[in-house]
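**Q** sequence unavailable; structure follows:
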């Protein structure tokens, strides 16, 4: 089986499994009758449609030319996603300034291979600009440590 | 001329300094993101949604609309100069536009595209002014059964007419519909598919879905090509086309305006499809079709006019029926909901200031864009040199902080990043986020109108067929579902017969 074909099968199996689970959960919610549909009927209709489409896609898994291989670049994406999770964790704990600078340095220097001067200038200016946009400009109460 | 008085009053709304400012801001942002490969208009509007919370509704929608049609102008620049379409709707422009650029006629291509876009956009606004109230008036009597059929049609059309595989799109649409059922049952208040998580009781906010799948998903996807060096851009030259070039493009611009306007109204149509159809039409209408692909100015004028006309007219189904015609309009729908405005047939009559203010702002916006794409083009060409590595962290931070401001909730940040990873994986596996987001938006309307209709019909499914408008819409749905596979089958059969004859 070719790489693309395997990718297609996996990509269709995931919604298939989710669809089956959703169908069971919807059934348990109570389907009601056609004249008085219960809370579970609509989700059941939708998840059955999802299972059928996913099943057809599992069977018709020949490559269509819109699949892309996962190369070593996927590491960059994984690091980026993990850094966003970390950002969200720290956001309310220590205020937005420190995680914002840290994220900028990681993305500019670590992922983007920018030079240190560019990294430093962009990080500081961008953090200040975000502060001015959200806290001063739009008056949103973000957790922050620097008071203006 | 009673009908025209709210239209004229709308100009009063546009010329308020605040609204003019947001119009300028919107079209400039649209130009910028059109020029910068990476984020498309749907993603940009999604990313900016939380910021519009704090702006007055008319100004917010004027700005977001400006981003949308502004991106059509900007997308042309990268298509012509780099052969890198900034937007899907400029893909066909790249063929002849870049060929012209290599002959040193980049300026002419950009100039004709700007003029065509301006004419197409303006024609479509005038068309919208007359058509929208008619459609709205017709739809005022629509009941639950009509809306069930209409929403279903909207979802099906975007899956079959959109880019990408129809089956994959339908699967995405079902995922969107399922996501929309998370939270409390709209009629009975029972909590559904929430896994006992309290934050999910109100359902997943549309803003988070749009920002996650479009915004974060696209940013993560673009990170893969973060360190690729930028290509050198072709020199622009004079952007004022010669008289001969204008004469050559006259027909293309006229046809493009009409075609784009008509295709934009159709659900599932929109800018991308109309630009492709316009290219095909120009090639057929030309006396020298062999010039296409080697630098035919009509191959730029037609599609660019059509995509802008379609971008404008695709507001008609959204503002008059409450049915978004494409993914960007789905996000626009969300933006209106945030402002407490439910788009639908009553909008023209109930909120004339907003409706005509937004529509008329497009005249001003198109005029501003014409100025930006001709005299000021040099500024935007220089922006092409800004590196992806610098833009990516800036956009992601606006997105992360923006989503937090919606409900002051870190939980929403996690959900958004999760959806962003899903969006990235979907892109890798060849699934479009558009149908998912559109179905998610229409999911609530579809479910509640379906259940109301079933109650009205006393559980008899054939009740849908007793309503003339509903039955017509359902017939169209059946045609869409049945005809393409049958055509494909008969084509395959014919091919096989021909092969047999040949053998």
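**A** Structure received. Predicted model, so just to flag it, every value in this text is computed and none were measured. Numbering: from 1, shown residues only, chains lettered A, B, ... in the order given.

**Q** contacts, neighbours, all on C-alpha from now
**A** Will do.

**Q** chain neighbours aside, what residue packs nearest to the residue in chain A positioned nearest to chain B?
**A** Using C-alpha to the nearest C-alpha, the closest approach of chain A to chain B is made by residue A:35 at 3.4 Å. Once flanking residues are discounted, residue A:35 sits nearest to residue B:459: 3.4 Å by C-alpha to C-alpha, 6 or more residues apart in numbering or on different chains.

**Q** what about that neighbour, neighbour count?
**A** Residue B:459 is flanked by 16 other residues according to other C-alpha atoms under 10 Å in any protein chain shown.

**Q** helix, strand or coil for it?
**A** coil (DSSP: H, G, I helix; E, B strand; the rest coil).

**Q** list the contacts for residue A:88?
**A** Residue A:88 is in contact with B:410, B:413-414, counting by C-alpha atoms under 8 Å, 6 or more residues apart in numbering or on different chains.

**Q** sorry, back to before: quick one, phi psi at the residue nearest to residue A:35?
**A** phi 80, psi 0 (degrees, to the nearest 10).

**Q** distance from stretch B:17-28 to the middle of the chain?
**A** Taking C-alpha atoms, centre = their mean, to the nearest Å, one finds the center of stretch B:17-28 at 20 Å from the center of the full chain.

**Q** avg pLDDT for it?
**A** Stretch B:17-28 comes out with an average pLDDT of 93.

**Q** can it be said to contact chain A?
**A** No - Stretch B:17-28 is not in contact with chain A by C-alpha under 8 Å from any C-alpha of the partner chain; minimum separation 14.7 Å.

**Q** got the buried residues for that stretch?
**A** Residues of stretch B:17-28 classed as buried by neighbour count (16 or more other C-alpha atoms under 10 Å in any protein chain shown): B:19-20, B:22-28.

**Q** go on, stretch A:125-139?
**A** A:126-127, A:130-131, A:134-135.

**Q** follow-up on the earlier one: hang on, isn't the residue nearest to residue A:35 packed against residue A:36?
**A** Yes - taking contacts as C-alpha atoms under 8 Å, residue B:459 lies within contact range of residue A:36: 7.0 Å.

**Q** mind listing what residue B:95 touches?
**A** For residue B:95, the contact set (C-alpha under 8 Å, 6+ apart) comprises B:83, B:293-295, B:299.

**Q** and the contacts of the host helix or strand of residue B:25?
**A** Following DSSP states H and E, the helix or strand that holds residue B:25 is helix B:17-35. With contacts defined as C-alpha under 8 Å, 6+ apart, helix B:17-35 is touched by B:13-14, B:39-41, B:44, B:58-60, B:62-78, B:86-87, B:361, B:364-365, B:368-369, B:380-381, B:383-384.

**Q** and if we set it to 7 Å?
**A** B:14, B:39-40, B:59, B:62-64, B:66-68, B:70-75, B:77-78, B:86-87, B:361, B:365, B:369, B:384 (C-alpha atoms under 7 Å, 6 or more residues apart in numbering or on different chains).

**Q** show me which of the contacts of residue A:88 neighbour chain A.
**A** B:410, B:413-414 (C-alpha under 7 Å from any C-alpha of the partner chain).

**Q** got a winner among these for most neighbours?
**A** residue B:413 (26 neighbours).

**Q** for the strand or helix carrying that residue, packing partners?
**A** According to DSSP H and E, residue B:413 maps onto helix B:410-428. Contacts defined by 3 or more C-alpha pairs under 7 Å, 6 or more residues apart in numbering or on different chains; DSSP states H and E place helix B:410-428 against helix A:74-94, helix B:206-210, helix B:217-223, helix B:388-407.

**Q** buried residues in that helix?
**A** By neighbour count on 16+ other C-alpha under 10 Å, the buried set for helix B:410-428 is B:410, B:412-428.

**Q** quick one on the thing from earlier: save the contacts of residue A:88 as TSV, and put in pLDDT too.
**A** Listed next are the contacts of residue A:88 as TSV, based on pLDDT from 0 to 100:
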residue	pLDDT
B:410	91
B:413	93
B:414	94
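
**Q** just those now: which is nearest residue B:139?
**A** Lowest distance from residue B:139 to the contacts of residue A:88 (C-alpha to C-alpha) belongs to residue B:413, with 38.6 Å.

**Q** you'd agree residue A:38 is up against residue A:32?
**A** Yes - Residue A:38 is in contact with residue A:32 according to C-alpha atoms under 7 Å; the separation is 4.1 Å.

**Q** between the two, who's got more neighbours?
**A** residue A:38 (20 against 13).

**Q** show me the domain layout of the chain.
**A** Using chain A. Domain ranges of chain A: A:3-59, A:74-137, per automatic domain parsing.

**Q** please refer instead to chain B.
**A** According to automatic domain parsing, the ranges for chain B are B:2-156+B:163-176+B:227-391, B:469-503.

**Q** if you average pLDDT over each of the ones you listed, which comes out lowest?
**A** Among those, domain B:469-503 carries the lowest mean pLDDT, at a mean of 77.

**Q** report whether that one contacts chain A.
**A** No - using C-alpha under 7 Å from any C-alpha, domain B:469-503 stays clear of chain A, coming no nearer than 13.6 Å.

**Q** residues in contact with residue 144?
**A** Since you didn't name a chain, this refers to chain A. Counted by C-alpha under 7 Å, 6+ apart, residue A:144 has contacts A:95-97.

**Q** chain B was what I was after
**A** By C-alpha under 7 Å, 6+ apart, the neighbours of residue B:144 are B:449-450, B:452-453.
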